[in-house]
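1. The following comprises the amino acid sequence and a computationally predicted model.
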2 protein chains.
Amino acid sequence: MKLATLRTSSGSTTAALATGADTYLALPATDVGALLVQPEWRSITKKAAEAAAEGGQPVIAATEADFAPLLPRAGKVICCGLNYGDHIQEMGRELPEFPTLFAKYADTLIGAADVVEVHGSGRVDWEAELAVVVGSELFRADEDQARAAIAGYTVANDVSMRDWQNRTLQWFQGKAFDATTPVGPVMLTADDASESFEVRGYVNGELVQQGNTSTLVFGPAQLLSYISQFTVLRPGDLVLTGTPGGVGMGMTPPRFLNDGDILTTEIDGIGRLENQFRIHAPVPANA
Amino acid sequence: MKLATLRTSSGSTTAALATGADTYLALPATDVGALLVQPEWRSITKKAAEAAAEGGQPVIAATEADFAPLLPRAGKVICCGLNYGDHIQEMGRELPEFPTLFAKYADTLIGAADVVEVHGSGRVDWEAELAVVVGSELFRADEDQARAAIAGYTVANDVSMRDWQNRTLQWFQGKAFDATTPVGPVMLTADDASESFEVRGYVNGELVQQGNTSTLVFGPAQLLSYISQFTVLRPGDLVLTGTPGGVGMGMTPPRFLNDGDILTTEIDGIGRLENQFRIHAPVPANA
């Protein structure tokens, strides 16, 4: 199953189920997070699909779907850095014993096809990532419990303002610009997911990042278990699993997004984010 | 005015106003954050105080007040590190050009007299801090706008699990243990606040930290303005302004909290946190 959060003509949002026939079916929840807090979300979704199969249910054509951030009100958005072997080497570091974690807020999230407006940074970089959606509450959970609590997987780009990120030792301020982290377009439910995912990032159609989540140092269940040792994870929380090699900062010379660039983030079997960037700041020389 | 969030006998919480006669008066909001989202919170509070002065309103004796975390559902809890000159020197660093910021979630907060239960860390350290409560929405605000948006000030201790904090470059995991950051007991409204505050921390009654917020590198309004350049701040959000010298990690040899220790955090004119610690982990040698 694939679930989305779609904007509606009334200015609100609705959770929706992708149906086989290239359409979306509205579900009785304002967004995927609000759906997941209902323990019976799978049967709610199944019943809606059955009702739709019998006809008469309003559907939204996939071409007309307006994707809101998948989890617009996520309580926690926790990110792992330095989690792909090749990206770790690119940044000049050794394989870690513990995951490097940082937090952001739901205000950073933006929809799968939205224009991203950046104010005040001239070093806007990309980080294509697999993101894990929490489906049930987790606290001091082992890896098996964590695996069972995964609702599904989605695509994210942890877009980073490298000038702000590198102002101090803590990355938060370069990672927390409102409405700059695209996430979506859908959550693929865990029961339909394969063992690993191929993650790719493109700038203006040029492939810049590629990695397979089978090479993650800390996999999804391991990350959720680790985080749950110190803080509770709840339905609709989001964990970003880190980015493979190929970020702009690691290039020689460094390369950043320019005003008008299109950033595409893609995971086979889940979907694709395609976001144009408007950079409202003088872009300094790449040095 | 001093506002608190008190636990009620029904298992809920209520915002409350400290009255002159060593009592608290319940206000029509579940907590101080829920009060502050109402733009007319000052007149709501004033009317309740007037009604109480005329008698007949139920009051809670200060000795019986059970303090919940001041802002149990704060959307953002943003902390500044390395913000007192003496603490910066203690950590062996130079005065910064930009504030070092990191994020935590409201789940980390705990009440002013609560027992703090720590699982899985043997290096529990203290960071006494002045915290700023946001009173109105701020986005890309200058310092004057930020100053006008401060609802008030409270006391916090950014208790840090140094073993977890130092596992990786990012401090988050050592700062984000649920229910380990005491905050309260009250918010002193900005209109009653002095220019600067004296912040003190004690372990089992022994003074270990002392600093005056007049020596902050980045003051409250400056911090709020800076943060608002990249993310919106809303009523009830909390910004911790950093800790003065005297943390356990900076001592020779390093010193950490032991099971049963009492941590006291005090700011003249606001109030005092007094929290006993239960450390549910073998404490490794201090080295």
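-> Cool, the structure landed.
2. Can you give me the buried ones in the helix or strand bottoming out on mean pLDDT in chain A?
-> Taking mean pLDDT, DSSP states H and E as the measure, chain A has helix A:85-90 as its least confident helix or strand, at a mean of 75. Residues of helix A:85-90 classed as buried by neighbour count (16 or more other C-beta atoms under 10 Å in any protein chain shown): A:His87, A:Ile88, A:Glu90. C-beta coordinates here come from the backbone N, C-alpha and C atoms, glycine included.
3. residues making contact with that helix?
-> A:82, A:94-96, A:211, A:215, A:217, A:242-247, A:250 (C-beta atoms under 8 Å, 6 or more residues apart in numbering or on different chains).
4. Same question for stretch A:202-209.
-> By C-beta under 8 Å, 6+ apart, the list of residues contacting stretch A:202-209 reads A:126-128, A:199-201, A:243-248, A:257, A:261-266.
5. Can I get the buried part of these as one PyMOL selection?
-> Burial among those is assessed by 16+ other C-beta under 10 Å; the matching PyMOL selection reads:
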select buried, chain A and resi 126+127+128+199+200+201+243+244+245+246+247+248+257+261+263+264+265+266
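6. ok, which of the contacts of stretch A:202-209 also contact chain B?
-> Among the contacts of stretch A:202-209, no residue lies close to chain B (C-beta under 8 Å from any C-beta of the partner chain).
7. Narrow the contacts of stretch A:202-209 to those in strands?
-> Counted as lying in strands by DSSP state E, out of the contacts of stretch A:202-209, are A:Ala128, A:Val199, A:Arg200, A:Gly201, A:Ile262, A:Leu263, A:Thr264, A:Thr265, A:Glu266.
8. can you list the contacts of helix A:85-90 in CSV and add pLDDT?
-> CSV is the format used below for those (pLDDT from 0 to 100):
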residue, pLDDT
A:Leu82, 88
A:Glu94, 84
A:Leu95, 86
A:Pro96, 92
A:Gly211, 96
A:Thr215, 93
A:Val217, 96
A:Gly242, 97
A:Thr243, 96
A:Pro244, 95
A:Gly245, 92
A:Gly246, 94
A:Val247, 96
A:Gly250, 91
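9. Just give me the closest of these to chain B.
-> Distance to chain B, by C-beta to the nearest C-beta, is smallest for A:Pro96 among these, at 6.6 Å.
10. can you tell me how far the closest one sits from A:Lys76?
-> 21 Å (C-beta to C-beta, to the nearest Å).
11. higher neighbour count, these two?
-> A:Lys76 (21 against 17; other C-beta atoms under 10 Å in any protein chain shown).
12. what number of residues lie near the residue lying closest to the more buried one once chain neighbours are set aside?
-> Leaving aside its chain neighbours, A:Lys76 sits nearest to A:Asp237 (4.3 Å; criterion: C-beta to C-beta, 6 or more residues apart in numbering or on different chains). Close neighbours of A:Asp237, defined as other C-beta under 10 Å, add up to 27.
13. A:Glu54 now?
-> 7.
14. Distance-wise, check it relative to chain B.
-> 42 Å (C-beta to the nearest C-beta, to the nearest Å).
15. A:Thr154 in helix, strand or coil?
-> Here A:Thr154 is recorded as strand under DSSP: H, G, I helix; E, B strand; the rest coil.
16. can you pull the contacts of the residue nearest to A:Lys76?
-> A:Leu71, A:Ala74, A:Gly75, A:Lys76, A:Val77, A:Ile78, A:Val133, A:Val134.
17. ranking those by neighbours, who comes first?
-> A:Val134 leads these on contacts (other C-beta under 10 Å) with 29 neighbours.
18. mean confidence for stretch A:162-174?
-> Stretch A:162-174 carries an average pLDDT of 97.
19. hmm, that stretch touching chain B?
-> Yes - Stretch A:162-174 reaches chain B (C-beta under 8 Å from any C-beta) through A:Trp164, A:Arg167, A:Thr168, A:Leu169, A:Gln170, A:Trp171, A:Phe172, A:Gln173.
20. Just flag the most distant two among those residues.
-> By the measure C-beta to C-beta, A:Trp164 and A:Leu169 form the most distant pair in the residues of stretch A:162-174 next to chain B, at 12.8 Å.
21. These two: which is more packed in?
-> A:Trp164 (22 against 14).
22. Which secondary structure state does that one sit in?
-> Applying three-state DSSP: A:Trp164 is helix.
23. who are the neighbours in contact with the closest residue to it other than its chain neighbours?
-> Spatially, and ignoring its direct neighbours in sequence, A:Trp164 is nearest to A:Gly174 (3.9 Å; C-beta to C-beta, 6+ apart). Applying C-beta under 8 Å, 6+ apart to A:Gly174 gives the contacts A:Ser121, A:Ser160, A:Met161, A:Arg162, A:Asp163, A:Trp164, A:Gln165, A:Asn166, A:Arg167.
24. same deal with A:Ala68?
-> A:Thr5, A:Leu6, A:Arg7, A:Thr13, A:Asp31, A:Gly111, A:Gly184.
25. May I ask which of these has the most neighbours?
-> A:Thr5 (31 neighbours).
26. Show me what that one is bridged to.
-> On the basis of DSSP bridges, A:Thr5 is bridged to A:Ala15.
27. Got the confidence number for A:Ala149?
-> 98.
28. Which two of the ones in strands among the contacts of stretch A:202-209 have the greatest separation?
-> Across these, no pair lies farther apart than A:Val199 and A:Ile262, at 17.6 Å, counting by C-beta to C-beta.
29. and A:Val124, bridged to which residues?
-> A:Met161.
30. A:Lys200 and B:Thr19, how far apart?
-> For the record, residue A:200 is Arg, not Lys. A:Arg200 sits 62 Å away from B:Thr19, taking C-beta to C-beta as the criterion.
31. OK, contacts around A:Thr19?
-> A:Thr19 touches A:Leu25, A:Ala49, A:Ala52, A:Val59, counting by C-beta under 8 Å, 6+ apart.
32. switch to 10 Å and redo it
-> Contacts for A:Thr19 (C-beta atoms under 10 Å, 6 or more residues apart in numbering or on different chains) come out as A:Met1, A:Lys2, A:Leu25, A:Ala48, A:Ala49, A:Ala52, A:Ala53, A:Gln57, A:Val59, A:Ile60, A:Ala62.
33. Could you look up the next helix or strand downstream of the host helix or strand of A:Gln173?
-> Secondary structure from DSSP states H and E places A:Gln173 in helix A:172-175. Going down the chain from helix A:172-175, the next helix or strand is strand A:181-189, by DSSP H and E.
34. ok, that following strand: who's next to it in the sheet?
-> Here, using DSSP bridges, strand A:181-189 pairs with strand A:2-7 (antiparallel), strand A:109-110 (parallel), strand A:150-157 (antiparallel).
35. what are the bridge partners for the residue most central in space within chain A, then?
-> In chain A, the residue lying closest to the centroid (C-alpha atoms, centre = their mean) is A:Ala156, at 2.6 Å. Taking DSSP bridges as the rule, A:Ala156 bridges to A:Glu129, A:Val183.
36. Would you mind giving the domain segments of chain A?
-> A:2-64, A:77-280 (automatic domain parsing).
37. If you average pLDDT over each of those domains, which is lowest?
-> domain A:2-64 (a mean of 90).
38. what about that one, start to end distance?
-> For domain A:2-64, the first-to-last residue distance is 17 Å (C-alpha to C-alpha, to the nearest Å).
39. try stretch A:51-60
-> End-to-end distance (C-alpha to C-alpha), stretch A:51-60: 15 Å.
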